[in-house]
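Asks: 3D model of this:
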Amino acid sequence: MAAVSTRSPGDRAWYEARLERVRLRAMLAIELGGAPRDGVRAALERELAAVDAALAVPSRREQHLRTALGLGDDDVDLLWTAVAVAHDPRVLAHAQVLAGTEARRGASVALHAQIAGLDGARARSLALAAGPSHPLLRHHLLIAVDDGEGVARRLAVPHRVAAFLAGDDAVDAEVADAGGRVAVPPEPLWDPPQQRALERIGQVLASREPVVLVVEGPVGAGRRTAIAAQGPTTCVDARRVPPAALERVLAALHRESVLSATTPVVADIDDLVDAEPGAGPRLRLLAMALDRAPGPVAVISSVPGLEIPTQRRILRVPFPAPDTATRRALWARTPEVAALELDGIALRYRLGAGGIARAAASARNLAEARGDALTVHDVVAGVRNDIADRLGGLAQRVDTHQSWDDLVLGADTLDQVRALSARVRLAHQVLERWGFAAKLARGIGVASLFTGPPGTGKTMVAGLIARELDLELYQVDLSKVVSKWVGETEKQLARIFAAAEAGHALLLFDEADSLFAKRTEVKAAIDRYANLEVNYLLQRIEAFGGITILTTNMDASIDPALRRRLASHITFWPPDDKERQLLWRRMLATDAPIDGAVDVEALSLAFPDMTGANIRNAAIAAAFLAASEGSPITQSHLERAGRGEYRAMGRVLGS
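Replies: Just a heads-up that it's a prediction; the model follows:
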């Protein structure tokens, strides 16, 4: 689809001539309705004839609207009358003489019939046609500003329409704020599956049939770029549109696509799914906007199979993230990044061309601000810039301040933890170079289940693994994810997985048994929907390309099907006597003053049920007791704090 050309020298002159024509017509209508004045009518008619002659051939912009919307001469004249009343103070003054102060609210068919001098038949025909289905109203070039009917209804003209006719190609401000034109890299790179998807997208858009093209795929895969590669595209991102402004922004996108002859695209439509059963009001607003579009319209979703209540035929095209080799080539296009070790970066971050370009630019800025050469850490930071924004509060970033030296685990458990870390660190070698990726059914991600009593180090180990692998750790906030509304939980989880996959964050599901509980026999509707949530999670975990760690202290509650999808299952046992002694010793290894008589062996024996978290709590409580008394930390402080912690644990203390 060829976009309308940019401003040409004649556009503004044509616009001025069109407004002058309306002004002269309005003056002539006033003259005809009043007492005749010598020579005035004849002079106006001569001036009008000269302007009409200059406007004999339509401008390119006017002709574009005539062709695109099927407008006749009377339709075009009505548009110009409305533009002149709204945007020419001289015309508005004459319109108020003809129609009163109501003319300030916009033109009407009755006012236009007076100004244009329409005979009865033409005026009645235009009045019948100028309803909601008229092309000018249907495509939002004219907007009804009151509830009046027929010839009295006031019609306003958005500023963008007048600016377009005057030769201005700046995108509507609300559309630009939510997206705007989509740029395509000079030489885009696509892998074979993406090329096949591109061919299908091109076929759908080239057909010009009124269909809804749904491009589905992970965040950052290059879905917008793929659509824009077929021709000029204007896009709004649903995430960036306030709910109250959605209808207005969709109308502006529709209008912009008509004016500029671009394909309209609505991205991230899964953000429009409301927390209620079925298609919510925002998704219905989208569907109505799609139904009014003159040709094909594209939408982008991260949720496969998202239901859209449109009357149009829906064509779905899956668009995958580029493969590792293509991602490597895309990263290498930035000279500073090309000098780095790209194999690991390409494998970890499943981004398309746009995401990689943004991350590379951010990395350059970081390096320049530091006054040093660009590093892998800069690239990692560049990729992560928008993770938190996409997660939208559904998961919280967790900072880990401990080190491996603070960790006290049994030898077997520590070996399993190290093996899990190595599996991620060496994934490129084993999966890509050695070819084991072809043996995997779906994703190349890693899912691990940590089980064991509270306080045994499960969350701490997740943080240490994330830090060692230079990943962000995000803990999923189950209170915001789990919803009573059908489908809402899956929608929230889809957002989390999509954002984490693009940014290669480590996802931590604490108390995972609340989400991954065993599926049950269906005895009521609630059982069926609960089972559907577990089914979705199992499929998404398997397809996820990143790292997922699930923790629970209720091992028996986890669905057995999850275990088959795990890369590892690590059990964290309560510490034994020697491990408790080591935990006490390491917790007290600070700058605090410690009494030389402290006996960690006695503490370990006195409180045998304490885990690492309990020992930490007791040591800190003892430190505050000592500080309040102005003395070093003594055995007495530690024992008093230990007894308090034991009581908090619900344990019975001996005499």
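Asks: can you find the helix or strand of this protein with the lowest average pLDDT?
Replies: helix 525-543 (a mean of 59; mean pLDDT, DSSP states H and E).
Asks: what strands line up against the very next helix or strand once past it, and which way round?
Replies: For helix 525-543, the following helix or strand on the C-terminal side (DSSP states H and E) is strand 547-552. Take DSSP bridges as the rule and strand 547-552 pairs in its sheet with strand 446-451 (parallel), strand 506-509 (parallel).
Asks: which of these sits most buried?
Replies: Per residue and on average, the most neighbours among the strands paired with strand 547-552 fall to strand 506-509, with a mean of 26 (mean count of other Cβ atoms under 10 Å). C-beta coordinates here come from the backbone N, C-alpha and C atoms, glycine included.
Asks: how about the strands paired with strand 547-552 in JSON lines, adding distance to residue 628 and mean pLDDT?
Replies: Formatted as JSON lines, the strands paired with strand 547-552 follow (distance: least, Cβ to Cβ, whole Å; pLDDT from 0 to 100):
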{"stretch": "strand 446-451", "distance to residue 628": "37", "mean pLDDT": "85"}
{"stretch": "strand 506-509", "distance to residue 628": "36", "mean pLDDT": "86"}
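Asks: what's the longest helix in the protein?
Replies: helix 9-33 (DSSP state H).
Asks: show residues contacting the helix or strand following it.
Replies: The helix or strand immediately downstream of helix 9-33 is helix 40-54, counting by DSSP H and E. The set of residues external to helix 40-54 that reach it, using Cβ atoms under 8 Å, 6 or more residues apart in numbering, is 17, 20-21, 24-25, 27-28, 31-32.
Asks: go again using 6 Å as the cut-off
Replies: Applying Cβ atoms under 6 Å, 6 or more residues apart in numbering, the contact partners of helix 40-54 are 17, 20-21, 24, 27-28, 31.
Asks: wait, which of those residues is closest to residue 192?
Replies: When the contacts of helix 40-54 are ranked by distance to residue 192 (Cβ to Cβ), residue 17 comes first, at 54.3 Å.
Asks: burial count for the closest one?
Replies: 16 (other Cβ atoms under 10 Å).
Asks: ok, back up a step: and the strands paired with strand 547-552: which comes nearest residue 255?
Replies: Once the strands paired with strand 547-552 are compared by Cβ to Cβ, strand 506-509 is nearest, at 40.8 Å.
Asks: turn the strands paired with strand 547-552 into CSV, columns for distance to residue 140.
Replies: Shown next, in CSV, are these (distance: least, Cβ to Cβ, whole Å):
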stretch, distance to residue 140
strand 446-451, 48
strand 506-509, 42
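Asks: so where do the strands sit in the stretch 151-300 of the chain?
Replies: Using DSSP state E, counting those that start in this stretch, the strands of the stretch 151-300 of the chain run over 155-156, 179-181, 211-216, 233-237, 263-267, 297-301.
Asks: closest to residue 446 out of those?
Replies: Comparing these by Cβ to Cβ, strand 211-216 comes nearest, at 24.4 Å.
Asks: could you check the angle the closest one makes with strand 263-267?
Replies: Going by axes from the mean of the first three to the mean of the last three Cα atoms, to 10 degrees, strand 211-216 is angled at 40 degrees with respect to strand 263-267.
Asks: re the thing from before, between the contacts of helix 40-54, which is nearest residue 264?
Replies: Nearest to residue 264 among the contacts of helix 40-54, with distances taken as Cβ to Cβ, is residue 17, at 31.1 Å.
Asks: need the pLDDT of that closest one.
Replies: For residue 17, the pLDDT comes out at 94.
Asks: likewise for residue 445?
Replies: Predicted confidence (pLDDT) for residue 445: 68.
Asks: and if you look at residue 491?
Replies: Looking at residue 491, its pLDDT stands at 68.
Asks: how about the one 10 residues further on?
Replies: What the model reports for residue 501 is a pLDDT of 69.
Asks: got the domain boundaries for the chain?
Replies: Segmentation of the chain into domains, based on automatic domain parsing, reads 9-165, 173-318, 324-385, 404-571, 577-648.
Asks: just send the ones you listed back as a markdown table, with distance to residue 397 too.
Replies: Below are the domains of the chain laid out as a markdown table (distance: least, Cβ to Cβ, whole Å):
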| stretch | distance to residue 397 |
| --- | --- |
| domain 9-165 | 40 |
| domain 173-318 | 18 |
| domain 324-385 | 9 |
| domain 404-571 | 6 |
| domain 577-648 | 21 |
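Asks: any idea which of those domains gets closest to residue 398?
Replies: domain 404-571 (4.5 Å).
Asks: just to revisit the earlier point, buried residues, the longest helix of the chain. List them.
Replies: Along helix 9-33, these residues count as buried under the neighbour rule (16 or more other Cβ atoms under 10 Å): 11, 14-15, 17-31.
Asks: one step back: out of the domains of the chain, nearest to residue 394?
Replies: Residue 394 lies closest to domain 404-571 among these, at 5.4 Å (Cβ to Cβ).
Asks: what is the end-to-end distance of that closest one?
Replies: One end of domain 404-571 sits 18 Å from the other (Cα to Cα, to the nearest Å).
Asks: now do stretch 404-411
Replies: Using Cα to Cα, the end-to-end distance of stretch 404-411 comes to 13 Å.
Asks: state the mean pLDDT of that stretch.
Replies: pLDDT averaged over stretch 404-411 gives 85.
Asks: just the buried positions in it, please.
Replies: Residues of stretch 404-411 classed as buried: 406-409 (neighbour count, 16+ other Cβ under 10 Å).
Asks: repeat for stretch 51-58
Replies: 51, 55, 58.
Asks: show me what the longest helix of the chain is packed against.
Replies: Applying 3 or more Cβ pairs under 6 Å, 6 or more residues apart in numbering; DSSP states H and E, we find helix 9-33 packed against helix 40-54, helix 73-87, helix 89-99, helix 109-116.
Asks: may I have the third one as CSV, with CA atoms only?
Replies: So the one you mean is helix 89-99. Extracted in CSV, the C-alpha atoms of helix 89-99 (Å, rounded to 0.1, in the frame of the first residue of the first chain):
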residue,chain,number,x,y,z
PRO,A,89,-12.6,32.6,11.5
ARG,A,90,-14.0,34.5,8.5
VAL,A,91,-16.2,31.6,7.5
LEU,A,92,-17.5,31.1,11.0
ALA,A,93,-18.6,34.7,11.2
HIS,A,94,-20.7,34.3,8.0
ALA,A,95,-22.0,30.9,9.2
GLN,A,96,-23.3,32.5,12.4
VAL,A,97,-25.2,35.0,10.3
LEU,A,98,-26.9,32.1,8.5
ALA,A,99,-27.4,29.6,11.3
